[in-house]
Each structure stands twice: as C-alpha cells, then as structure tokens.
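Q: sequence and predicted model, in that order:
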Amino acid sequence: MVLDTVLAGAYVCAPSTGWKAVRADVGIAEGRIAAVGDLSCAEAEDVRDASGCILMPGLINTHCHGDMTLARGFGDGLTLAGQNEAFADTGWFYSLITDEGRLVSRKLTYLEALRSGTTYLCENMYWTLGSASAQAMAGLGLMGVLAEDVRRDYTRPDEFFSDEELLALLAEAEAAGLDMVLGSISEEDYEPSRLRAIEAIRKRTGLGKTCHLAETDWRMDRIAREYHTTPIRMLAGCGALDAGTVGSHVVHADAEDIRLLAAHGVSVSNTPACEMKIADGAAPITAMVKAGVNVCLGTDGAMWDNTNDMFGAMKAMALLQSLTSGVDALKPEEILSMATVNGAKAFGREKDMGDIREGMLANLITVRVSGKPKFIPFVPGEGGNAASLLVFNARGEDVEDVYVRGQRVVKNGRHAYADLEKIAETVQRTAERIAAHEQTKRAAR
C-alpha cells in the first residue's frame, strides 16, 4: 500500500499507549490511520518529520456555543442569572446581531478551536441557521455534531420543529460529514408532558440529545420547589435519561443522581473554567468517575470561558478537582481521556475517534515540545511525564499541525486556507455594536 502521509519520528501519546509517549511513525491513507510503528521503509506521497513533537488524538470539545465568541468578555462579573437579567433587553444580543454576524462568530470559534487542537466539536446553537450551520463547520475542515434546539425559539418552549424539519437538517449535516443531536430544554422549562414530548420526537427521529443539566442553584431550586425532586431524578422519571443523552455541566448532583446517570449510561460534559468564572460551582467529577459515568470536557462559549482552547479546559479540570477532592483525585491520563476518547464515546464515535489505532479516522494533532523551556524535561516512555506536560503545561498555541480525516487543515499553527482577517473584521464590527449598546445602558442608569 502507498500511504498518503507518514508522520515520522513522533512521540505517540494516546489511550492505546496508556498516555505514555512512545516513539513511532503513523501512516495515513484515505483519511484513516493505516499503520502505526516503524514505517521507514513504507512508500508514501508525503513524509513529514514529526520528531520533537507529541502526536496525540485530536481533542473533542463536547460543549461549545459558537454564537457567543463575538461577546467574549462581555459577561464578566455576572453569574448566569445576572447575565439573563442584564441581556434580556436584546434577547442575549439577538437584536444587535445579523445572521451573518452569528455565522461569522461560529467561524471564528471553529478557527480558534482547530488552531488549538480541537478536531471535533459539539455546537450548541443559540439560534438556528439552517444549512448554513453545517456549511460553516465543514467548510473549515472541522468535524462535529450540531445540537439543533428542539424549539424554534428558546423563548417559546412548546413550539417544536416538526419531525420532517429535523430530519431535513439531519440530512444536511450528514451530507457535510457531520453529526446531529437535539438540543433539549433546561430546568426553567421542565414540565413532565413537555419532557415526554421531546423524548417522543427523539424516538421518531432516532436523534440523540444534549441538554444543560443541574448547572445552577436557581434551576435546582425551581425543580425542588415545584416538583420536590432533582432535575436528574425528574428526567429519569420521565424516561428522559439514556445512553444517547449528554448532560452538560452537571454541577449539582448528589450520590443518587450520580447513580442514575451511571445506570442509564448518560455522558456528562463538564466545562470547569466556565463553572468557575460564573460561579456555578464545582461539579463532583471525581465521584462520577468512580461511579462509572462517562465524563467528557467542553469549553462552553467564549463569553464564559473566554477561550475555545481545550488544553485550558483540561488544566482547569485538574486544578478544580484537586482543590475540591484532593491532589490525587484525577490522574492526568484520566483528564486526557475526557478530552478525547470519552468525548467520542458521548456521541457514539469511539470506533472512529479519540485514539491512535489502525482503522480510526486520522484526526491527529502534533504538539511541539522540543526547544520550549516549559516542556523541559520531557521524559517519554514508562515512568515519563508526557501526560502531565500535556495537561498542565501545554496550550493551544503549542499545537503545530492538525489533521482532520487525514487532511492537514492547520500547518505550523495557521489554518491552511481560511481568511481570518475577513472573519475577524466582521466579528469586530458586531462586538463594537454590542459594546456601544451596553455602554449606553450603563450611562442611562
């Protein structure tokens, strides 16, 4: 076989190596990993010297709001409840943003994600943009899953998309090489018949779902006050917990809630930097891992995390759980798995992504460690420190190359073909309009 590409002399670091850095070549053919090992005698159209780099699976961001990158930093000093109140006059800036502005905000998110090592991202859309949603992601070479809100407008919780509309959106996503799930409701809209109606839509369409779950104290209080239970127990009682469910955040969960999540095969997407910034709280991640819950990682939106860099999310997870559950709560290897193979499992993609093995999609990133003081010493192999360096030392700017389905979409830290200047100009104009509106409000008080 003639390989398309060989990444030669890298330190492969993946679940299959136990997250130890092992010297090996990786061969790519037809978008997939064709061989791992000594490929010095293999025929290849392109051989890239990857020595001095850690080669790892592309990162998987399981919870992101690309619409909100244009509001980066605008919610500082406010909890989510405070933001809901502060931005109610424009519907979270909706009246200030054109469809083009929303679309370009997502493109900026995807560029930032790719350049910092993310190869698969779950886009939790604030507003539907129809087929443009798929085009924005796939057009930049990013893989992912589009979470299309089950509601036409999240301010009208009982106006659902029809099955036909959802299936048409699914077909558009699949045609672009993307996945799709339903974006379900948060606790302020919980009502048993509504939850069951959403599950009926899922049964008819075969779609998985993602939902904000047990994120804030005020949402927890609403369910306790009106239904005398917890959100997780309420979902279980309505038949709305299953292996096709990804619950985002899950900050407030007790032992019984965690047991239910594990028993129903629910995945949890935690966004630790966001949770700290807007004071949601510290999720009981260590207890979830011990119970067998599949925990994965996300950045949320750049309004709440300020970046779409998954390396930052990994470090935040490590530090927060160390503080709340002890310095030995989570190993770096467990956190790396949260950002890769666990994320793939959350969306049923573990046979394709999250590891470096023959037959898997060639979603790969190289992290340059040689010549950088912060990565010295770098000790590969058994007893080495590669996993620790990736979690605690690496940042998105250390990513050199990114391959998605075997295509090199980021070369030496730069996207291969996107017009960043044009995208940035549009986002800048929109952000300045938002900032001017907020300044006018403050001046009028």
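A: That came through, no problem.

Q: what is the burial count for residue 310?
A: The tally of other residues near residue 310 (other C-beta atoms under 10 Å) stands at 29. The way it works is simple: take the backbone N, C-alpha and C, and place the C-beta from them, glycine included.

Q: ok, now which ones touch the nearest residue to it once chain neighbours are set aside?
A: Excluding its sequence neighbours, the residue lying closest to residue 310 (C-beta to C-beta, 6 or more residues apart in numbering) is residue 59, at 4.2 Å. Residue 59 is in contact with 116, 117, 118, 119, 120, 310, 311, 339, 340, 343, 365, counting by C-beta atoms under 8 Å, 6 or more residues apart in numbering.

Q: so which of these belong to helices?
A: Using DSSP state H, the subset of the contacts of residue 59 located in helices is 310, 311, 343.

Q: on that earlier part again, just the buried ones from the contacts of residue 59?
A: Buried members of these, counted by 16 or more other C-beta atoms under 10 Å: 116, 117, 118, 119, 120, 310, 311, 339, 340, 343, 365.

Q: output the longest helix belonging to the protein.
A: The chain, longest helix under DSSP H: helix 420-444.

Q: which residues does the residue lying closest to residue 68 once chain neighbours are set aside contact?
A: Closest residue to residue 68 apart from its sequence neighbours, by C-beta to C-beta, 6+ apart: residue 301 at 3.5 Å. By C-beta under 8 Å, 6+ apart, the contact list for residue 301 reads 64, 65, 66, 67, 68, 69, 71, 274.

Q: check what pLDDT residue 301 gets.
A: Note on residue 301: pLDDT of 90.

Q: next one: residue 258 from residue 2, what distance?
A: 50 Å (C-beta to C-beta, to the nearest Å).

Q: more crowded one of those two?
A: residue 258 (21 against 10).

Q: that one sits in which helix or strand?
A: Applying DSSP states H and E as the criterion places residue 258 in helix 255-263.

Q: same for that helix, what does it pack against?
A: Secondary-structure packing of helix 255-263 (3 or more C-beta pairs under 8 Å, 6 or more residues apart in numbering; DSSP states H and E): helix 231-237, helix 285-291.

Q: let's have those helices in TSV, adding mean pLDDT.
A: Shown next, in TSV, are the helices and strands packed on helix 255-263 (pLDDT from 0 to 100):
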stretch	mean pLDDT
helix 231-237	98
helix 285-291	98
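
Q: among those, which is nearest residue 158?
A: helix 231-237 (17.7 Å; C-beta to C-beta).

Q: buried residues in the closest one?
A: In helix 231-237, counting by 16+ other C-beta under 10 Å, buried: 231, 232, 233, 234, 235, 236.

Q: please apply the same query to stretch 16-35.
A: 16-17, 19-22, 24-29, 32-35.

Q: and for stretch 139-155?
A: Quick answer for stretch 139-155 (16+ other C-beta under 10 Å): 140-151, 154.

Q: mind checking which of those land in strands?
A: Of the buried residues of stretch 139-155, the ones assigned to strands by DSSP state E are 143, 144, 145, 146, 147, 148, 149.

Q: among these, which one sits closest to residue 424?
A: Nearest to residue 424 among these, with distances taken as C-beta to C-beta, is residue 144, at 21.4 Å.

Q: residue 21 touches residue 52, doesn't it?
A: No: the criterion here is C-beta atoms under 8 Å, and residue 21 misses it with residue 52 at 11.7 Å.

Q: how near is residue 190 to residue 268?
A: From residue 190 to residue 268 the distance is 18 Å (C-beta to C-beta).

Q: these two: who's more crowded?
A: Between residue 190 and residue 268, counting by other C-beta under 10 Å, residue 268 is the more crowded of the two (30 against 20).

Q: quick check: bridge partners of that one?
A: residue 247, residue 295 (DSSP bridges).

Q: how far away is the residue nearest to residue 56 when sequence neighbours are not counted from residue 36?
A: Closest residue to residue 56 apart from its sequence neighbours, by C-beta to C-beta, 6+ apart: residue 13 at 4.9 Å. Applying C-beta to C-beta, the value for residue 13 to residue 36 is 12 Å.
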